[in-house]
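>>> Need the 3D shape of this:
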Amino acid sequence: MDSPANTFNPNKRLKEEFVSNLTGTSMTELFLLITTLSMLLFLRSVYSSSKKETLSKKDDDVNAVVCKKNMGSHLASATLDVLCIVFPVILCLTILADWTYTNAVGMTLLVTFFILARRSGFSVSQEEGVRSLRTNISAYRVAMNFLTCICILAVDFKIFPRRYAKTETYGTGLMDIGVGSFIVANALVSRQARGIAKTNLRNAISSTCPLIVLGFARIFFTSSVDYQWNTNGSGYWGLYLVCVQLGNYLFFGKPGDAVLRTNDWARIRVWIICLLFWLLTILLDRHVERVSRRMCNLAYVTVVLAMNLQVFAVLTLADYVPGYKVAALIEYFDRNLLGSFLLANVLTGMVNLSMDTLSVSPFVALAILVGYAYILSIAAAVAHFYGIRLKFW
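So this is what the prediction gives:
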């Protein structure tokens with residue numbers, strides 16, 4: 001006889017089986033998928049800047065003022081970015097997932113073409129580099145947050161590949177990275193990373209024994225214990241410490257002044273560190289211990305860092321394109337990352353309560369995902385227009 005829980009929700013067992021015994025995907029596919037998604041954002045901003053270059057400086061200033069005061073401009077910009085960025089991302093995560101390698105090659109060729117076509121005689125000044133670094137940091141944080149928002153609903157539909165969902169114990173799915181990415185995106189620009197915290201962490205940042213050593217030590221010794229006695233708290237705390245040190249080294253100047261470095265400084269080091277973390281991940285995963293989100297072992301930490309730095313590294317290529325402008329959707333979400341994430345969870349719950357997500361057709365699932373992303377985007381645009389910013393601290 002079925003238990004009361006199963007009688008109340010007959011699809012509960014099917015949904016549990018749908019997300020069970022998953023082993024993830026390959027490191028190569030994850031690398032190419034993240035590269036493709038990052039380049040989609042890059043290309044949208046490049047295309048947007050190429051249109052704005054046809055305007056005179058005076059006209060550009062007038063349009064900027066109109067955009068700030070006109071709700072219709074906000075909604076139109078959000079709609080256009082959904083079509084140019086969000087919709088292609090959803091396609092890459094669903095019906096085009098089997099063409100990940102082809103997508104990555106095509107996007108790489110397009111980015112290379114745009115850079116070479118518009119690179120001639122362009123140089124970045126010191127002042128522009130500082131603004132560009134701040135813009136790239138915001139774009140990276142928004143990209144990772146929005147990708148997570150899409151995945152938390154997409155995973156409930158059959159159109160979302162099972163190899164991208166969370167794994168049981170060992171393996172790497174795209175959603176496994178989302179847990180650690182939330183910590184990384186916040187730690188890299190935290191008060192501790194900027195060196196302005198009123199705690200002992202500021203002294204640790206400037207000491208000869210950096211936080212990165214302490215962080216990796218906590219991860220190594222914690223992940224050596226069986227995860228069934230391990231709450232993951234120490235492992236993720238270690239990840240936070242590592243990212244605080246990396247953020248201070250890559251993005252900020254002397255401890256206490258919270259001044260951003262130039263983009264040239266950050267770009268070169270981010271690419272180098274990203275490649276080193278990818279090499280370390282492959283070595284650990286093949287010869288030491290497979291990646292495990294539940295254990296938050298060293299291989300998991302290195303792959304999370306590698307993928308997050310990879311997104312930022314791709315966005316730094318914008319320095320090679322004159323007149324690069326950040327997409328409007330990035331500006332809208334940047335003001336309300338927390339609010340957008342909370343709204344995404346509420347909408348996900350509403351969708352799951354209102355329908356059997358396992359029985360809908362691929363077309364309906366795709367329409368629901370696009371509509372869900374569009375609602376998030378419009379909400380962010382409206383909040384940006386009225387100056388609303390949701391924070392709890």
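>>> I'd assumed residue 73 was in a strand, is it?
No. Per DSSP: H, G, I helix; E, B strand; the rest coil, residue 73 lies outside any strand segment and is helix.
>>> Just say helix, strand or coil for residue 21.
Relying on three-state DSSP, one would call residue 21 coil.
>>> Need phi/psi at it.
Here is the backbone geometry of residue 21 (degrees, to the nearest 10): phi 60, psi 40.
>>> what sits against it?
Residues in contact with residue 21 (CB atoms under 8 Å, 6 or more residues apart in numbering) are residue 168. For the C-beta atoms, the positions are set from N, CA and C on the backbone; glycine is no exception.
>>> Surely residue 143 and residue 37 touch.
Yes. Counting by CB atoms under 8 Å, residue 37 is a contact partner of residue 143 at 7.4 Å.
>>> low pLDDT regions in the stretch 101-250 of the chain?
Applying pLDDT under 70 to the stretch 101-250 of the chain flags residues 118-132, 196-228, 230-234.
>>> Swap in 90 and give it another go.
Applying pLDDT under 90 to the stretch 101-250 of the chain flags residues 107-139, 165-180, 182-183, 185-250.
>>> Now do the same for stretch 297-313: mean pLDDT, whole number.
In this model, stretch 297-313 has a mean pLDDT of 92.
>>> Dump that stretch to PDB, restricted to CA.
The C-alpha coordinates for stretch 297-313 follow below in PDB (Å, rounded to 0.1, in the frame of the first residue of the first chain):
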ATOM      1  CA  ASN A 297      37.000  17.900  -2.100                       C
ATOM      2  CA  LEU A 298      40.000  19.500  -3.600                       C
ATOM      3  CA  ALA A 299      39.100  18.500  -7.100                       C
ATOM      4  CA  TYR A 300      35.600  20.100  -6.800                       C
ATOM      5  CA  VAL A 301      37.100  23.400  -5.500                       C
ATOM      6  CA  THR A 302      39.600  23.600  -8.400                       C
ATOM      7  CA  VAL A 303      37.000  22.900 -11.100                       C
ATOM      8  CA  VAL A 304      34.600  25.500  -9.600                       C
ATOM      9  CA  LEU A 305      37.500  28.100  -9.500                       C
ATOM     10  CA  ALA A 306      38.500  27.100 -13.100                       C
ATOM     11  CA  MET A 307      35.000  27.500 -14.500                       C
ATOM     12  CA  ASN A 308      34.300  30.800 -12.700                       C
ATOM     13  CA  LEU A 309      37.600  32.300 -13.800                       C
ATOM     14  CA  GLN A 310      37.000  31.100 -17.300                       C
ATOM     15  CA  VAL A 311      33.800  33.100 -17.500                       C
ATOM     16  CA  PHE A 312      35.600  36.200 -16.300                       C
ATOM     17  CA  ALA A 313      38.600  35.500 -18.600                       C
END
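>>> about what we covered before: list residues touching both of residue 143 and residue 37?
residue 311.
>>> pull the longest helix from this structure.
Longest helix in the chain, counting residues (DSSP state H): helix 126-154.
>>> other SSEs contacting the very next helix or strand once past that one?
Where DSSP states H and E defines the elements, the next helix or strand beyond helix 126-154 is helix 174-187. Here helix 174-187 touches helix 27-52, helix 126-154, helix 233-251, helix 298-315, going by 3 or more CB pairs under 8 Å, 6 or more residues apart in numbering; DSSP states H and E.
>>> what angle sits between helix 174-187 and helix 27-52?
Orientation check (axes from the mean of the first three to the mean of the last three CA atoms, to 10 degrees): helix 174-187 against helix 27-52 gives 60 degrees.
>>> Show the contacting residues for residue 374.
79, 82, 86.
>>> measure the residue nearest to residue 163 when sequence neighbours are not counted to residue 303 for me?
Nearest residue to residue 163, sequence neighbours excluded (CB to CB, 6 or more residues apart in numbering): residue 25, at 4.0 Å. From residue 25 over to residue 303 the distance is 12 Å, taken as CB to CB, to the nearest Å.
>>> Give me the distance from the host helix or strand of residue 76 to the chain's centre.
According to DSSP H and E, residue 76 maps onto helix 71-81. Remark: helix 71-81 is offset 22 Å from the chain centroid, using CA atoms, centre = their mean, to the nearest Å.
>>> Can I get it in CSV, CA atoms only?
Extracted in CSV, the C-alpha atoms of helix 71-81 (Å, rounded to 0.1, in the frame of the first residue of the first chain):
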residue,chain,number,x,y,z
MET,A,71,10.1,52.8,-18.8
GLY,A,72,9.4,51.6,-22.4
SER,A,73,13.2,51.8,-23.1
HIS,A,74,13.9,49.6,-20.2
LEU,A,75,11.4,47.0,-21.2
ALA,A,76,12.5,47.1,-24.8
SER,A,77,16.1,46.7,-23.8
ALA,A,78,15.3,43.8,-21.5
THR,A,79,13.2,42.1,-24.3
LEU,A,80,16.0,42.5,-26.9
ASP,A,81,18.6,41.1,-24.5
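>>> tell me what the helix or strand that comes right after it is packed against?
Where DSSP H and E defines the elements, the next helix or strand beyond helix 71-81 is helix 87-93. For helix 87-93, the elements it packs on are helix 27-52, helix 126-154, helix 362-385, judged by 3+ CB pairs under 8 Å, 6+ apart.
>>> Mind putting these into JSON lines with distance to residue 278?
Below are the helices and strands packed on helix 87-93 laid out as JSON lines (distance: least, CB to CB, whole Å):
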{"stretch": "helix 27-52", "distance to residue 278": "7"}
{"stretch": "helix 126-154", "distance to residue 278": "17"}
{"stretch": "helix 362-385", "distance to residue 278": "29"}
